[in-house]
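Engineer: Kindly return the folded structure for what I paste below:
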Amino acid sequence: MNQSIDISKGKLLLAEPFMLDPHFKRTVIFLCEHQQEGSLGFILNKPLKMQIDRLISDFPEFKAQVFYGGPVATDTIHFIHRAGNLIEDSIQVGKNVYWGGNFEKLKFLISSEVIKPQDIKFFAGYSGWSTGQLNEELHIGSWITAEMDPNYIFSVPYGELWSKVLKVKGNTFSVFAGMPEQLSWN
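Structural biologist: Coordinates of the predicted model:
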């Protein structure tokens with residue numbers, strides 16, 4: 001599984017197929033920040049059994065599921081969206097993909113039905129790495145890097161995401177994509 005390590009914000013990190021850590025097993029992480037001081041991203045394929053309008057009391061009615069963003073600061077809410085031109089203070093992290101922004105404006109746009117559930121993903125917590133930690137994990141093979149496509153975030157069903165991204169990478173990665181999650185040694 002030798003791969004060149006090209007990592008920057010806007011890339012995807014896929015857990016290597018045999019990772020046992022329950023926080024990250026078969027996860028796809030969208031990297032929103034990668035700097036000398038550390039890195040930050042959100043797990044795209046671990047839904048929680050809650051909707052954002054049930055989690056935040058003054059949030060408008062909105063049928064959008066909340067995802068487990070990672071084990072850091074799970075008492076915080078983050079969001080990735082396609083409405084960077086409408087939400088002030090959004091940070092562009094990929095082609096037509098933005099992180100955060102003015103939360104009051106977001107609630108207004110949702111209540112006005114300008115932003116639909118398919119335009120946004122919410123996360124409780126995030127995945128974070130300290131200085132040099134992510135690079136070290138990449139060098140020992142804990143993560144597979146991939147190019148991000150907005151469809152991975154907003155269109156591909158979360159249960160298929162890990163396999164889908166590996167298939168698109170091709171070669172050996174497409175073989176890993178078809179491996180069952182539970183291997184038995186007969």
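Engineer: Find the residue ranges of the chain scoring beneath the pLDDT cut-off.
Structural biologist: For the chain, residues meeting the criterion pLDDT under 70 lie at 1-5, 182-186.
Engineer: Can you list the residue ranges for helices in it?
Structural biologist: Taking DSSP state H as the criterion, the chain contains helices spanning 52-55, 103-111, 133-139, 150-154, 161-169, 171-177.
Engineer: which one of those lies closest to residue 93?
Structural biologist: In terms of C-beta to C-beta, the element of those nearest to residue 93 is helix 150-154, at 10.2 Å. Heads up, the C-betas are built off the backbone N, CA and C, glycines and all.
Engineer: looking at the helices of the chain, which is buried most?
Structural biologist: Neighbour counts averaged per stretch over the helices of the chain are highest for helix 161-169, at a mean of 19; criterion: mean count of other C-beta atoms under 10 Å.
Engineer: who touches stretch 49-65?
Structural biologist: Among residues not part of stretch 49-65, those counted as contacts by C-beta atoms under 8 Å, 6 or more residues apart in numbering are 47-48, 66, 77, 107, 110-111, 117, 120-122, 124.
Engineer: Any chance of CSV for the residues you listed, columns distance to residue 18?
Structural biologist: Written out in CSV, the entries for these read as follows (distance: C-beta to C-beta, whole Å):
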residue, distance to residue 18
47, 23
48, 25
66, 28
77, 32
107, 42
110, 40
111, 45
117, 34
120, 33
121, 27
122, 30
124, 27
